[in-house]
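S.K.: no sequence for this one, just the structure:
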């Protein structure tokens, strides 16, 4: 809402969750699922105080908190877990992707001690831990996962992601001076650059223009892989990137933005000037 502070925004969102729980009936709500940072939504970071307020509500109504760390886990936010970055206390964590550095399909679900004990006690009653998947614990995938975790530690990639993330943040936020960039948001090595037609009003480009895809194409042609989610360009470099690689990536992206400006000019599309 216009004039709403970040803290007030977080309070309003948390109240919407509480109102929904009450409307449905707390006894019918098993769990609340969330990503520490919303990945495919356009690298949306939580407003200040959001998770603190939400977790208080979940505890109040005894609703489990399940954190999806498929994207944010294993260093992407500058810590092993996005949960650590944002001070979350989940009951369960889902993970995959970087668990094996994507060399083999493997996922894992981490459980809190109370949930594990409840499952164990039930297993003791029936004589077997009755939970599993057809290909769960596949030896090849698990071996790759263990080796990936070893390399993360031996090469200091998690701590390195924290340092490199600060460099990437600085370079990307400098793009706020570019005529096309309305917002830069993210954490660690996970960033979104939102394109706007008007920096003053945050007016978006017409969807039919598919301008985000045009910038993605220009970046590809310039040797840089980014992902367009609408008019937000996502940049998530590998944890093994170097400081020089970050500078090179942002330079290539800046060139794509400049070419995008030229493209708009040739189509006779003018940007709205700031007041």
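M.R.: Yes, it's here. All values reported here derive from a predicted model rather than from experimental measurement.
S.K.: the strand or helix carrying residue 115 - what's its average pLDDT?
M.R.: Element membership for residue 115, per DSSP states H and E: helix 113-126. Regarding helix 113-126, the rounded mean pLDDT is 92.
S.K.: give the buried residues for the next helix or strand along the chain from it.
M.R.: Per DSSP H and E, the first helix or strand lying C-terminal to helix 113-126 is helix 139-154. Neighbour counts using 16 or more other CB atoms under 10 Å place 141, 142, 144, 145, 148, 149, 152 of helix 139-154 among the buried residues. Using the backbone N, CA and C atoms, a C-beta is placed for each residue, glycine as well.
S.K.: do stretch 45-63 as well
M.R.: Going by neighbour count (16+ other CB under 10 Å), the buried part of stretch 45-63 is 45, 46, 47, 49, 50, 51, 53, 54, 55, 57, 58, 63.
S.K.: give me the subset of those residues lying in helices.
M.R.: Among these, the members found in helices (DSSP state H) are 50, 51, 53, 54, 55, 57, 58.
S.K.: which of these lies closest to residue 198?
M.R.: Lowest distance from residue 198 to those (CB to CB) belongs to residue 50, with 27.3 Å.
S.K.: report the spatially nearest residue to that closest one, omitting neighbours in sequence.
M.R.: residue 10 (4.1 Å; CB to CB, 6 or more residues apart in numbering).
S.K.: what's the local residue count around the one you found?
M.R.: Residue 10 has 20 neighbours, counted by other CB atoms under 10 Å.
S.K.: quick one: it from residue 222, how far?
M.R.: 38 Å (CB to CB, to the nearest Å).
S.K.: try residue 252
M.R.: From residue 252 to residue 222 the distance is 5 Å (CB to CB).
S.K.: go on, residue 262?
M.R.: Where residue 222 is concerned, residue 262 sits at a distance of 13 Å (CB to CB).
S.K.: and residue 235, how many residues sit next to it?
M.R.: Using other CB under 10 Å: residue 235 sits among 23 other residues.
S.K.: show me what contacts it?
M.R.: 168, 172, 191, 192, 193, 226, 249, 253 (CB atoms under 8 Å, 6 or more residues apart in numbering).
S.K.: tell me which other helices or strands the helix or strand bottoming out on mean pLDDT in the chain touches.
M.R.: Every helix and strand in the chain was compared by mean pLDDT, DSSP states H and E; the lowest is helix 113-126, with a mean of 92. Contacts defined by 3 or more CB pairs under 8 Å, 6 or more residues apart in numbering; DSSP states H and E place helix 113-126 against no helix or strand at all.
S.K.: that helix: which residues count as buried?
M.R.: Judged by neighbour count (16+ other CB under 10 Å), helix 113-126 contains no buried residues.
S.K.: coming back round to it: can you pull the contacts of the residue nearest to residue 50?
M.R.: 46, 47, 48, 49, 50, 53.
S.K.: next: residue 94.
M.R.: Applying CB under 8 Å, 6+ apart, the residues near residue 94 are 66, 67, 68, 69, 70, 107, 108, 109, 110.
S.K.: which of residue 262 and residue 222 has more neighbours?
M.R.: Using other CB under 10 Å as the criterion, residue 262 and residue 222 rank with residue 222 on top: 14 against 10.
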